[in-house]
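[1] Got a predicted structure here, sequence first:
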Amino acid sequence: MPASGVETGWFPISLRLEGARVLLVGGGEVAVNKGRLLLDHGAHIEIVAETLNTVVQEWVDAGLVRHVGGRVDSTILQTVMPGCRLVYAATDDRSVNRTVAALADTLNIPVCAVDDPEPSTFITPAQVRRGAVRVAISTAGGAPVLARRLREQIESWMPHGTGQLAAYMQSRRARVSAQYPEVQDRKRIWEDFLDGAGAEAALAGDEVRADAVLDVLLSAQRAAGEVWLVGAGPGDPDLLTLKALHFMQNADVVLYDNLLPKVLLERVRRDAELIFVGKQRNRHAMPQSEINNEMVRHAKAGQRVLRLKGGDPFIFGRGGEEIESLVDAGVSFRVVPGITAASGCASYAGIPLTHRDCAQACLFVTGHARADGVLDLPWDDMADRRQTVVIYMGISTLPALMAGLIKNGLPSDWPAAIVERGTQPGQRVLTGTLGTMAAQAAEAQVSSPALVIVGEVVRHRVVSP
Ligand SMILES: C[S@@+](CC[C@H](N)C(=O)[O-])C[C@H]1O[C@@H](n2cnc3c(N)ncnc32)[C@H](O)[C@@H]1O
């Protein structure tokens, strides 16, 4: 049983098969499918099968594969298997395949019993191929239709010339490395190449034009660093914007805060340096001034710094302060909006933020108390009945918030809702009134992140049947 947190899926690797011996057990249609793949990759196939269909027979006659035995029994397998890099059990008899798999496993040779993951030690993923570029899709053998669907999507998205592009980049690697020995510099050059006209030229097979672009990149001065202030949305990774994803895939350093679930960080480039600068109430992992300094320091060292924030960076995200400090330090920056918690939580909870019948405006307020504990809020505005009030960071001050709204003129049976971990797995929605909400939240032990929505729109909550 794997330790908790250990990934139980199949571990993907790419295997060199050129010139390697591979045992294929079976001579029918299933074996033909695997045999074609193996021949494409330059394997030397040895076949054990009693009967060979016409395709396999043609391969044997043409000397492409060697037919080494008929009846599948342990004697023949034991003589052929040792020294094989892989074994495919590809007969249409599951029990025969399992016998082959068991034997290969005792010899420690990776084995695939076709369409039977249980006794297999490897499986062959669905592939998208463009020259040397391979994208493998595996669902651990559990959902082949999904794998096929994903393959179709990637097929349609991946340009036809991707193989040419990869071949071009490989052929110019030595030149770029000779001129730029630092990995970071090379990475930057190739990323700029891929983002610009160079990649387009190489994709189209125009190496002369691609070289011209590469020459310019190689001769340019080392580029200055930059900070990207990016909103990552409320948690569901499918709510990331395309631009956020692009920056996540290209950053050298990522400064992230505690609102970001792990699944979002998994979309960040694997070799980027991740720095946690999260702020929790009364517990600052890193003071704001230090976060600002960190961003400036990395950018001035020529790195592309991603300041990744939950929701939208300009909505209760201190994005304004951060860009002021960047301007002061002369560091260039870009800001990418994200879906703010109010939009994400309201949509996923089925509560419209405005409604023609009852809410002509929507007010975002913070429920965060001042250092002296006072809630310094525009109470008069908040008590207007023709609007929705969305309160961020309002859980620890919830009783005071609810009481304040009642004191300033809203009835105690005025509708209110809380959305906890909105858009994320385990999202919870509580609905009630200003008079009941604090007790409901305490009883349900609501914890951060959670958003409070106040107004008649809560009565219009609709959940899809
Ligand atoms: C410091 S503010 C940051 C807001 C963020 N910049 C945005 O635009 O959503 C943090 C507060 O946002 C709200 N919040 C953020 N993500 C949330 C989520 N997934 N579910 C519920 N509330 C969330 C909570 O009220 C939390 O205390």
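    Looks like it came in fine. Residues are numbered from 1 along each chain as shown.

[2] Nearest residue to the closest residue to the ligand within the stretch 151-300 of the chain in space, ignoring adjacent ones along the chain?
    Proximity of the stretch 151-300 of the chain to the ligand (CB to the nearest ligand atom) peaks at residue 234, 3.8 Å away. C-beta here means a position set from N, CA and C on the backbone, and glycine is covered the same way. In space, and not counting its chain neighbours, residue 234 is closest to residue 344: 3.4 Å by CB to CB, 6 or more residues apart in numbering.

[3] what about the one you found, is that helix, strand or coil?
    Secondary structure state of residue 344, per DSSP: H, G, I helix; E, B strand; the rest coil, is helix.

[4] Which residues of this structure lie near the ligand?
    234-235, 259, 309-312, 315-317, 340-341, 345, 392-393, 419, 421-424, 448-451 (CB under 6 Å from any ligand atom).

[5] mind redoing it with 5 Å?
    Neighbours of the ligand within the chain, by CB under 5 Å from any ligand atom: 234-235, 310-312, 315-317, 340-341, 345, 392-393, 422, 449, 451.

[6] Which one of these is nearest to residue 287?
    Distance ranking of those against residue 287, using CB to CB, places residue 317 first at 16.2 Å.

[7] surely the closest one meets residue 311?
    Yes. Residue 317 lies in contact with residue 311 (CB atoms under 8 Å); the separation is 6.5 Å.

[8] Give the intersection of the neighbour lists for the two.
    Shared contacts of residue 317 and residue 311 (CB atoms under 8 Å, 6 or more residues apart in numbering): residue 231.

[9] And those two? Which one has more around it.
    Neighbour count, other CB atoms under 10 Å: between residue 317 and residue 311, residue 311 has more, with 29 against 21.

[10] hang on, the earlier thing: most neighbours, which of the residues of the chain next to the ligand?
    Among the residues of the chain next to the ligand, residue 345 has the most neighbours (other CB under 10 Å), with 32 neighbours.

[11] Contacts only, for it.
    With contacts defined as CB under 8 Å, 6+ apart, residue 345 is in contact with 234, 419, 422, 423, 451, 453.

[12] Would you check how far apart the residue of the stretch 151-300 of the chain closest to the ligand and residue 245 are?
    Applying CB to CB, to the nearest Å, one obtains 16 Å for the distance of residue 234 from residue 245.

[13] where do the helices sit along the stretch 251-400 of the chain?
    Taking DSSP state H, counting those that start in this stretch as the test, the helices found in the stretch 251-400 of the chain are 262-265, 288-300, 319-329, 341-349, 379-382, 398-407.

[14] Now do the helix or strand that the last one is followed by against helix 398-407, angle only.
    Next helix or strand after helix 398-407 toward the C-terminus (DSSP states H and E): strand 415-420. Angle between the axes of strand 415-420 and helix 398-407 is 160 degrees (criterion: axes from the mean of the first three to the mean of the last three CA atoms, to 10 degrees).

[15] Run a quick check on residue 428 versus residue 440, I expect a contact.
    No. Taking contacts as CB under 8 Å, residue 428 lies outside contact range of residue 440: 11.0 Å.

[16] So for these two, which residues contact both of them?
    Here residue 428 and residue 440 have residue 418 as joint contacts, going by CB under 8 Å, 6+ apart.

[17] Neighbour count: these two, which is higher?
    residue 440 (17 against 14).

[18] pLDDT (mean, whole number) over the helix or strand that contains the more buried one?
    Following DSSP H and E, one finds residue 440 within helix 437-443. Mean pLDDT, helix 437-443: 98.

[19] Give the partner strands of the next helix or strand after it in its sheet and their orientations.
    Downstream of helix 437-443, the first helix or strand assigned by DSSP H and E is strand 450-454. Strand 450-454 has its sheet partners listed here by DSSP bridges as strand 387-392 (antiparallel), strand 415-420 (antiparallel).

[20] thinking again about what came up before, who does the helix holding residue 440 touch, helix- and strand-wise?
    For helix 437-443, the elements it packs on are helix 398-407, strand 415-420, strand 428-433, judged by 3 or more CB pairs under 8 Å, 6 or more residues apart in numbering; DSSP states H and E.

[21] quick one: which of those is nearest residue 459?
    Minimum separation from residue 459 across those (CB to CB) falls at strand 415-420, 5.3 Å.

[22] I'd like to check the angle between that closest one and helix 341-349, please.
    Counting by the same axes, to 10 degrees, strand 415-420 lies at 100 degrees to helix 341-349.

[23] mind exporting strand 415-420 as CSV, just the C-alpha atoms?
    What follows is strand 415-420 as a C-alpha-only set of coordinates in CSV (Å, rounded to 0.1, in the frame of the first residue of the first chain):
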residue,chain,number,x,y,z
PRO,A,415,-31.0,36.8,3.2
ALA,A,416,-27.3,35.9,3.5
ALA,A,417,-25.1,33.1,2.3
ILE,A,418,-21.6,31.8,2.8
VAL,A,419,-19.6,30.0,0.2
GLU,A,420,-16.6,28.1,1.6
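
[24] Any idea how far that strand is from the middle of the chain?
    Per CA atoms, centre = their mean, to the nearest Å, the displacement of strand 415-420 from the mean C-alpha position of its chain is 29 Å.

[25] circling back: tell me the most buried of the helices and strands packed on helix 437-443?
    Of all these, strand 415-420 carries the top mean neighbour count, a mean of 25, counting by mean count of other CB atoms under 10 Å.

[26] Tell me which residue is most central in this structure.
    residue 267 (3.3 Å; CA atoms, centre = their mean).

[27] ok, and the closest non-adjacent residue to that one?
    Leaving aside its chain neighbours, residue 267 sits nearest to residue 248 (5.3 Å; criterion: CB to CB, 6+ apart).

[28] Locate the one you found within the secondary structure: which element?
    Here residue 248 sits within helix 242-250, counting by DSSP H and E.

[29] Show me what that helix is in contact with.
    The contact list for helix 242-250 (CB under 8 Å, 6+ apart) reads 191, 228, 230-233, 240, 254, 267-269, 304, 306, 308, 336, 338.

[30] Just the buried ones among the residues you listed, please.
    Burial by neighbour count, 16 or more other CB atoms under 10 Å: within the contacts of helix 242-250 this picks out 228, 230-233, 240, 254, 268, 304, 306, 308, 336, 338.

[31] Identify the farthest-apart pair in those.
    Greatest spatial distance among the buried ones among the contacts of helix 242-250 (CB to CB): 233 and 304, at 20.7 Å.

[32] that older thread, what sits against the residue nearest to the centre of the chain?
    Residue 267 makes contact with 237, 240, 245, 248, 249 under the criterion CB under 8 Å, 6+ apart.

[33] so which of these comes closest to residue 360?
    Using CB to CB, residue 240 comes nearest to residue 360 of those, at 31.2 Å.

[34] what sits against that closest one?
    Counted by CB under 8 Å, 6+ apart, residue 240 has contacts 232, 233, 248, 264, 267, 338.
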